[in-house]
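Engineer: This is the structure alone, sequence omitted:
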């Protein structure tokens, strides 16, 4: 039995070699920035808004591609950011100027914009374009090992890994620099305003950052699965602590463990790598739900038993 267990543990490394490490690193670099900004979305009770943005950036990407014709153009990120902001503005306008509630306004915004992106891609761009709808929906994380490589200090590194490393570094820098502002506005927008901050400006800045991260993660995990990566790490960490700094650290740990678990599921079951990472993250969320030291079900039962029977 021990030999069988060791075989299962070593199988991915026997099959993929160093490729297993690149898959883990890429999945982690995608989940890390998603988990960091997603933590603030959860605190602001805006998880569904993250869902809306992840779909709404699609027409921005398509329109930017129509003008540039280059999937590697930085204008795609600009287009995605503007589309994400447009989605946020549409949600606010529908919510404030009609009787429609915010959850319904969010559903209207992201479904309409995502459908617009699909129509634009299929009608205006035609079939002779290297913009794969399947890639946008489900991602190509499992095809990372077939990507072009870059020579960094004598080490051949897949280009997508370099790109996501830059995105992760930028996200961590922004979270560090604007930590106090984000913390105050997430817990009490009125208090943040009393300190001279602009809650509305902070809100739209966060939405643009989410859009930037989503479009960077498109080819890795797709528009659908990136929703889970925006929510699962932060939600799992939220069940384990009341302190924001620890929550951000735990979200990063969740991202790493999801990447490792996803790689094993991908190899063991020959499944989609992106989906495997999300399934692994879902398992970790269930563990946090059951065993989390703050809101874990088992911990609450133990506390209740101690209260009822102090002896």
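Structural biologist: All right, it came through fine. If you're wondering where the values come from, they're calculated on a predicted model, not measured in any experiment. Numbering: from 1, shown residues only.
Engineer: could you point out where the stretch 101-250 of the chain is predicted with low confidence?
Structural biologist: Across the stretch 101-250 of the chain, the ranges flagged by pLDDT under 70 are 124-140, 142-147, 218-224.
Engineer: Could I get the full set of helices for it?
Structural biologist: Assigned by DSSP state H, counting those that start in this stretch, the stretch 101-250 of the chain shows helices spanning 102-119, 133-138, 159-177, 179-187, 189-194, 199-238, 244-269.
Engineer: Please identify the most buried of those helices.
Structural biologist: helix 199-238 (a mean of 24; mean count of other C-beta atoms under 10 Å). Every C-beta, even on glycine, is put in place using the N, C-alpha and C of the backbone.
Engineer: would you turn the helices of the stretch 101-250 of the chain into CSV with distance to residue 14?
Structural biologist: Formatted as CSV, the helices of the stretch 101-250 of the chain follow (distance: least, C-beta to C-beta, whole Å):
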stretch, distance to residue 14
helix 102-119, 41
helix 133-138, 27
helix 159-177, 22
helix 179-187, 43
helix 189-194, 53
helix 199-238, 25
helix 244-269, 9
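Engineer: Nearest to residue 19 among these would be which one?
Structural biologist: Of all the helices of the stretch 101-250 of the chain, it is helix 244-269 that lies closest to residue 19, at 9.6 Å by C-beta to C-beta.
Engineer: quick one, that closest one and helix 199-238 angle?
Structural biologist: 60 degrees (axes from the mean of the first three to the mean of the last three C-alpha atoms, to 10 degrees).
Engineer: what angle do helix 244-269 and helix 179-187 make?
Structural biologist: 90 degrees.
Engineer: State the next helix or strand along the chain beyond helix 244-269.
Structural biologist: helix 273-291 (DSSP states H and E).
Engineer: List the buried residues of that following helix.
Structural biologist: Under the neighbour-count criterion of 16 or more other C-beta atoms under 10 Å, helix 273-291 has 273-281, 284-285, 288-289 buried.
Engineer: quick one: which of those is nearest to residue 107?
Structural biologist: Nearest member of the buried residues of helix 273-291 to residue 107, counting by C-beta to C-beta, is residue 278, at 21.3 Å.
Engineer: From residue 37, how far off is that closest one?
Structural biologist: Separation of residue 278 from residue 37 (C-beta to C-beta, to the nearest Å) stands at 17 Å.
Engineer: Then residue 298?
Structural biologist: Where residue 37 is concerned, residue 298 sits at a distance of 30 Å (C-beta to C-beta).
Engineer: Repeat that for residue 183.
Structural biologist: 13 Å.
Engineer: Could you do residue 165 as well?
Structural biologist: 17 Å.
Engineer: before we move on, the earlier item: out of residue 298 and residue 37, which sits in the busier spot?
Structural biologist: residue 37 (23 against 11; other C-beta atoms under 10 Å).
Engineer: Relative to residue 46, how far out is that one?
Structural biologist: In this view, residue 37 and residue 46 are 10 Å apart by C-beta to C-beta.
Engineer: Residue 96 too?
Structural biologist: Taking C-beta to C-beta, one finds residue 96 at 16 Å from residue 46.
Engineer: in stretch 21-32, what's buried?
Structural biologist: 22-32.
Engineer: which parts of the helix or strand where residue 54 lies are buried?
Structural biologist: Assessed by DSSP H and E, residue 54 sits inside helix 47-68. Within helix 47-68, the residues scored as buried using 16+ other C-beta under 10 Å are 47-65.
Engineer: got the angle for it vs helix 199-238?
Structural biologist: 120 degrees.
Engineer: Now do helix 47-68: distance to the chain's middle.
Structural biologist: 14 Å (C-alpha atoms, centre = their mean, to the nearest Å).
Engineer: which is the next helix or strand following it?
Structural biologist: helix 75-97.
Engineer: list the helices and strands that following helix packs on?
Structural biologist: Counting contacts by 3 or more C-beta pairs under 8 Å, 6 or more residues apart in numbering; DSSP states H and E, helix 75-97 is packed against helix 47-68, helix 102-119, helix 199-238.
Engineer: What angle do helix 102-119 and it make with each other?
Structural biologist: Using the same axes, to 10 degrees: helix 75-97 against helix 102-119 is 140 degrees.
Engineer: thinking again about what came up before, can I get the helices and strands packed on helix 75-97 in TSV with distance to residue 257?
Structural biologist: What follows is the helices and strands packed on helix 75-97, written out as TSV (distance: least, C-beta to C-beta, whole Å):
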stretch	distance to residue 257
helix 47-68	21
helix 102-119	29
helix 199-238	10
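Engineer: Ok, which of those comes nearest residue 249?
Structural biologist: Closest of the helices and strands packed on helix 75-97 to residue 249 is helix 199-238, at 7.9 Å (criterion: C-beta to C-beta).
Engineer: and that closest one with helix 273-291, angle?
Structural biologist: Going by the same axes, to 10 degrees, helix 199-238 is angled at 70 degrees with respect to helix 273-291.
Engineer: from the middle of its chain, how far away would helix 199-238 be?
Structural biologist: With C-alpha atoms, centre = their mean, you get 4 Å for helix 199-238.
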